[in-house]
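Colleague: with the sequence up front, the predicted model follows.
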Amino acid sequence: MEAIIETGGKQYLVSEGKEIFVEKLEGDKKVTFDKVLMVNGTFGHPYVTNCKVVGEIEKQGKQRKIVNFMYKNKSRSNRARQGHRQPYTKVVIKSIEVK
């Protein structure tokens, strides 16, 4: 059984047992996704009713550093280097429940 869920402004294709990396979620162990866009080829408008995806939080962490280098052409004084590490949550999908 496959489903498309929406979380953190992004959409993910999930199935039972699949591991996904999403934007950081608050919680202890269990997480429920109610915004389900598709289940087994059946689309909702905009979401499928009476359906939810249950997952388990496995890990919280930060991604690799992204380096952003900015400069102004023909000027040596306006150079800047910034770094950013985006937090993420690793979720293992346990079940897709359709009522």
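Modeller: Received it, and whenever you're ready, just let me know what you need.

Colleague: please make it C-alpha for all contacts and neighbour counts, starting now.
Modeller: Will do.

Colleague: so which residue is smack in the middle of the chain?
Modeller: By Cα atoms, centre = their mean, the mean C-alpha position of the chain lies nearest to Val22, the distance being 2.3 Å.

Colleague: that residue and Lys59, how far apart?
Modeller: 11 Å (Cα to Cα, to the nearest Å).

Colleague: before we move on, what about Gly83?
Modeller: 23 Å.

Colleague: how about stretch 86-99: buried residues?
Modeller: Going by neighbour count (16 or more other Cα atoms under 10 Å), the buried part of stretch 86-99 is Tyr88, Thr89, Lys90, Val91, Val92, Ile93, Lys94, Ser95, Ile96.

Colleague: and it, how far out from the chain middle?
Modeller: Computed by Cα atoms, centre = their mean, to the nearest Å, the chain-centroid distance of stretch 86-99 equals 9 Å.

Colleague: I'd like the average pLDDT over that stretch.
Modeller: Stretch 86-99 shows a mean pLDDT of 94.

Colleague: same deal with stretch 17-25?
Modeller: Regarding stretch 17-25, the rounded mean pLDDT is 95.

Colleague: then stretch 63-82?
Modeller: Mean pLDDT, stretch 63-82: 90.

Colleague: what's the span of it, first residue to last?
Modeller: End-to-end span of stretch 63-82 (Cα to Cα): 15 Å.

Colleague: give me the element the residue nearest to Tyr47 when sequence neighbours are not counted is part of.
Modeller: Distances taken as Cα to Cα, 6 or more residues apart in numbering put Leu37 closest to Tyr47, at 4.7 Å, once the chain neighbours are dropped. According to DSSP states H and E, Leu37 maps onto strand 36-39.

Colleague: what does the helix or strand just after that strand contact?
Modeller: Using DSSP H and E, the helix or strand that follows strand 36-39 towards the C-terminus is strand 42-43. The contact list for strand 42-43 (Cα atoms under 8 Å, 6 or more residues apart in numbering) reads Leu37.

Colleague: gap between strand 42-43 and the chain center?
Modeller: Its chain's average C-alpha position is 21 Å from that of strand 42-43, according to Cα atoms, centre = their mean.
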